[in-house]
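[1] Any chance you could fold what I've pasted below:
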Amino acid sequence: MKMRIKLIKEFFWMLLMSALLFCCGKAEAQVLPEYSAFPTSSLGLQLGVQGLGLQGSYSFARSFNLRVGFDVTPDVTFIYNSRNLRVDRSAVYALVDWQPMYGNTQWFATKWFVTTGFGYYFNNTLYRQGIGRTPDYSVSMSKYRPYIGTGLGDIYLFGNVRLRLDVGSFLPTSAPTSSYENKANTITSGLKGIMPGLNTAATFYIKF
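    Next up is the predicted model:
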């Protein structure tokens, strides 16, 4: 666990520093605040289906925004079909947002963006309680996942604190595997194949 946290921290800061170095040469005047869904830069706390994490961002080229961060879901257990199902998930990601309606003054146009990118999961496993002759087992899902989604940004809360809303999915690149027979298909079919990669999140951030 300590090694995982260390890797997440190192990867996060590496991506953030790279993004800042890439973007620092862009003139801030390129991005007009009255039209933009993105702050010039930000650091925030993200809460969502993927877990709890930190996220940094930097806007560039008027209608684009770069985000990097990590999420951790610490041993969450819930009841699914009358038996325990535990989620163990931790990931880092890099995303690029595009604001299609940049330059318009309507509220939705100044908030809406679409997103693509990728995520890497250090761990992405479901642990399922057995029943009868079926023992407890685990289902491991793909670690490298491209991302596609949409959202609303720069929603005013107070002072320099803003809210960003995301909905999308980290798409699997390989089939799930199970530690017991064919239970991988049973679990992912029962969950409609959505929950493991679903991303719905709210990020509370400070704009700089």
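
[2] Would you indicate which residues of stretch 165-178 are buried?
    Buried residues in stretch 165-178, counted by 16 or more other C-beta atoms under 10 Å: D166, G168, S169, F170, P172, P176, S178. C-beta here means a position set from N, CA and C on the backbone, and glycine is covered the same way.

[3] what do you get for stretch 125-136?
    For stretch 125-136, burial by neighbour count (16+ other C-beta under 10 Å) applies to T125, L126, Y127, R128, Q129.

[4] Name the residues linked to the first one by a beta bridge.
    Counting by DSSP bridges, T125 is bridged to D88, S140.

[5] Distance check, it against P176.
    Distance, T125 to P176, by C-beta to C-beta, to the nearest Å: 10 Å.

[6] which residues do the two both contact?
    In terms of C-beta atoms under 8 Å, 6 or more residues apart in numbering, T125 and P176 are both contacted by the residues V139, S140, M141.

[7] List just the nearest of those to V96.
    Taking C-beta to C-beta as the measure, V96 lies nearest M141 of those, at 23.8 Å.

[8] Let's see the pLDDT reported for that closest one.
    pLDDT recorded at M141 is 85.

[9] Do a quick rundown of the strands in the protein.
    In the chain, the strands defined using DSSP state E lie at 41-48, 51-60, 64-80, 83-98, 112-128, 137-140, 144-158, 161-170, 177-178, 198-207.

[10] Please work out which of these is packed deepest.
    Per-stretch averages of neighbours, counted by mean count of other C-beta atoms under 10 Å, single out strand 51-60 among those, with a mean of 21.

[11] for it, packing partners?
    Here strand 51-60 touches helix 2-23, strand 41-48, strand 64-80, strand 198-207, going by 3 or more C-beta pairs under 8 Å, 6 or more residues apart in numbering; DSSP states H and E.

[12] rank the ones you listed by pLDDT, which is bottom?
    Mean pLDDT is lowest for helix 2-23 out of the helices and strands packed on strand 51-60, coming in at a mean of 52.
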